[in-house]
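> 3D model of this:
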Amino acid sequence: LPVAVSDSSKSIAALRALEEDARRPLFDDPFAAALAGPDAVAGVRSRGGDKGRIAIRTRFFDDAVLDAIEGGGDGRAAPSEWQGVLLG
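Numbers count the residues shown, from 1 in each chain. Presented below is the predicted three-dimensional model:
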């Protein structure tokens with residue numbers, strides 16, 4: 001991957017990992033810290049995060065995807081433990 005793409009994806013994963021430390025986290029992403037790596041997590045921490053923007057965006061899209069899956073019109077509900085992942 002180009003360095004800019006790799007750095008960007010690691011930064012987003014690191015911001016997602018920081019949500020685990022929140023008093024009332026908006027989501028649970030047990031893989032975020034591992035995907036980001038310790039350098040990216042440390043870098044995001046040193047910059048003070050992003051004031052929750054990625055956490056809010058993540059929660060919004062997770063809820064939207066789950067709503068679409070659960071109400072997809074085929075009568076089948078998705079298990080509540082599924083996590084939607086958007087690639088691209």
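> and the longest helix for this protein?
helix 53-70 (DSSP state H).
> what's that helix packed up against?
helix 3-18 (3 or more C-beta pairs under 8 Å, 6 or more residues apart in numbering; DSSP states H and E). For glycine as for every other residue, the C-beta is placed from the backbone atoms N, C-alpha and C.
> what sits up against the helix it packs on?
1, 27, 29, 32-33, 35-37, 39-41, 43-45, 49-50, 54-55, 58 (C-beta atoms under 8 Å, 6 or more residues apart in numbering).
> again, 7 Å this time
Helix 3-18 is contacted from outside by 29, 32-33, 35-37, 40-41, 43-45, 49-50, 54, 58, using C-beta atoms under 7 Å, 6 or more residues apart in numbering.
> for PyMOL, write a command that selects the buried ones of those.
Those of those that count as buried under 16 or more other C-beta atoms under 10 Å are selected in PyMOL with:
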select buried, resi 29+32+33+36+40+41+44+49+50+54+58
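> which ones among the contacts of helix 3-18 lie within strands?
Using DSSP state E, no member of those falls in strands.
> so for stretch 48-56, what's the average pLDDT?
The average pLDDT for stretch 48-56 rounds to 93.
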